[in-house]
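In: 3D model of this:
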Amino acid sequence: MDDEILYVIDDHAVLKIPTLCEVDSLPHVLDELTDLVRMGHLCFPDQIVHDCAKWATGETIHTWIKAVSGHRQLKKLPSEWQEEVLGLCEGLCDYDDENEQSPVLVAAMALMISREHSSATLNVVTEDRSSLPTRMCLNDACPPLGLTAISARDFLAATKASRYLV
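Out: The predicted model follows:
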């Protein structure tokens, strides 16, 4: 995976993908992204599948994320990475809302990959760009963690799926 571009995607970005391409081209976009997952260039924590189920059950994007989750090369996330993220950027976690834990998990996975594959370029793909009164947004948490955040549009534009963007 070194010397390559790697992506860790959050639920907000996954759910945004269908709005960035023509409806008829969504299957082609998802085929391109499936290839990235299989090659180990795109990953996400298990929680992203669960979060997408809350907002998009029965929709194509939810069906895709469930199906492709088994093809991820990286599936397990040791808890020490979450602890490191919270030590560096405590505001990312809303301790009172169990539904707001995905940003910590995405950041932890990205931090782990960036440290283990230091010669690779890693991008956090997120549409979590507005801080809440109870939690810092993932986009704002990335710089203090030494991570780069990009939008779902920028992510798709950097892949073979770019030809399907509207």
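
In: and residue 21, how many neighbours?
Out: 21 (other CB atoms under 10 Å). Backbone N, C-alpha and C define where each C-beta goes, glycine included.

In: let the chain start at 38 from now.
Out: With 38 as the first residue, the last one maps to residue 58.

In: thought it was touching residue 198?
Out: Yes: contact between residue 58 and residue 198 holds when scored by CB atoms under 8 Å: they sit 7.4 Å apart.

In: overlap in contacts, the two.
Out: Common contacts of residue 58 and residue 198 (CB atoms under 8 Å, 6 or more residues apart in numbering): residue 66.

In: A helix includes residue 68, no?
Out: Yes: counting by DSSP: H, G, I helix; E, B strand; the rest coil, residue 68 is found in a helix.

In: can you pull out the low-pLDDT segments for this protein?
Out: For the chain, the stretches flagged by pLDDT under 70 are 38-40, 135-137.

In: determine the longest helix present in the chain.
Out: helix 139-153 (DSSP state H).

In: next secondary structure after that one?
Out: strand 158-162 (DSSP states H and E).

In: and the strands in the chain?
Out: Secondary structure of the chain by DSSP state E: the strands cover 42-46, 79-80, 158-162, 185-187.
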